[in-house]
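A.B. asks: test case, fold it:
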Amino acid sequence: MRRFEPQRPPSALTALVLALAAALPGPGCASSRRADEADAPYPVLEGADFGGMQNVSQCGHVWVGSRPAAADLELAVRRGVELVVDVTAPAGAQRLELAQAADELGLEYVAIGGDSATLDDADVDVFLDALARAESSPVLVFCDNGGRSAQLLAIFRVLRDGVPLQAALEDARKGGMKPGDDEEFVRRQVDRLGA
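C.D. replies: Sure, this is the predicted structure:
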């Protein structure tokens, strides 16, 4: 026969340990934000979904990711996007199709750096001008895999939002930007435009 014994209330120390354990994230639940972003005075870059697009992130009113399909542009319209910035390289038939689809949906379409595998000063200037004209309206920026988009967004975030350069570079790497030359390009642009 099993005896029933009343449970004693936990000690204050046990209750404190249980409360702390419950407050900590478990395995696989840890936040992807850095500690310095918890109360950051600038918009943080977060993973996002945008239809069938890959490698998508959102920072404030700007989404960046891989090349969209026509259905993704329809989703952009539903999300209030008025400007799409195409940073794919090299320019080709797919770019023309996206430009036509954007036009049919009433989206402003800006193509940047399509003839070269690398971006230059003029490309950055066109990008920053386009985002300045958009003010705080939603914007969709895309390229083949998200890397060039992330690179340009890093420059924008440092110059406009005051994001520390190192934090912007780390976020851009998560978005597909390659380390090395691409990072150095971001550093040079920040120096060129921040002076």
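A.B. asks: for the helix or strand hosting R173, packing partners?
C.D. replies: Here R173 sits within helix 165-174, counting by DSSP states H and E. Helix 165-174 sits against strand 57-59, helix 147-156, helix 181-194, with contacts defined as 3 or more C-beta pairs under 8 Å, 6 or more residues apart in numbering; DSSP states H and E. Yep, even glycine has a C-beta here, placed from its N, CA and C like the rest.
A.B. asks: partners of the shortest one in the sheet?
C.D. replies: Put plainly, it is strand 57-59. According to DSSP bridges, strand 57-59 forms sheet pairs with strand 46-47 (antiparallel), strand 62-66 (antiparallel).
A.B. asks: ranking those by burial, who's on top?
C.D. replies: strand 62-66 (a mean of 26; mean count of other C-beta atoms under 10 Å).
A.B. asks: show me what secondary structure element comes after it.
C.D. replies: helix 70-78.
A.B. asks: you'd agree V44 is in a helix?
C.D. replies: No - assessed with DSSP: H, G, I helix; E, B strand; the rest coil, V44 is coil; it does not lie in a helix.
A.B. asks: what's the span of stretch 99-112, first residue to last?
C.D. replies: For stretch 99-112, the first-to-last residue distance is 12 Å (C-alpha to C-alpha, to the nearest Å).
A.B. asks: so for it, mean pLDDT?
C.D. replies: Here stretch 99-112 scores 94 as its mean pLDDT.
A.B. asks: swap in stretch 162-181?
C.D. replies: For stretch 162-181, the per-residue pLDDT averages 93.
A.B. asks: in contact with the closest residue to D49 other than its chain neighbours, which residues?
C.D. replies: Using C-beta to C-beta, 6 or more residues apart in numbering and skipping the chain neighbours, the partner closest in space to D49 is V56 (6.4 Å). By C-beta atoms under 8 Å, 6 or more residues apart in numbering, the residues touching V56 are 47-50, 63-66, 146.
A.B. asks: closest to Q189 out of those?
C.D. replies: Of all the contacts of V56, Q189 sits closest to V64, with 16.2 Å by C-beta to C-beta.
A.B. asks: just list whatever residues bridge to that closest one.
C.D. replies: Beta-bridge partners, per DSSP bridges, of V64: S57, V141.
A.B. asks: before we move on, back to that, highest mean neighbour count out of the helices and strands packed on helix 165-174?
C.D. replies: Of those, helix 147-156 is the most buried (mean count of other C-beta under 10 Å), at a mean of 28.
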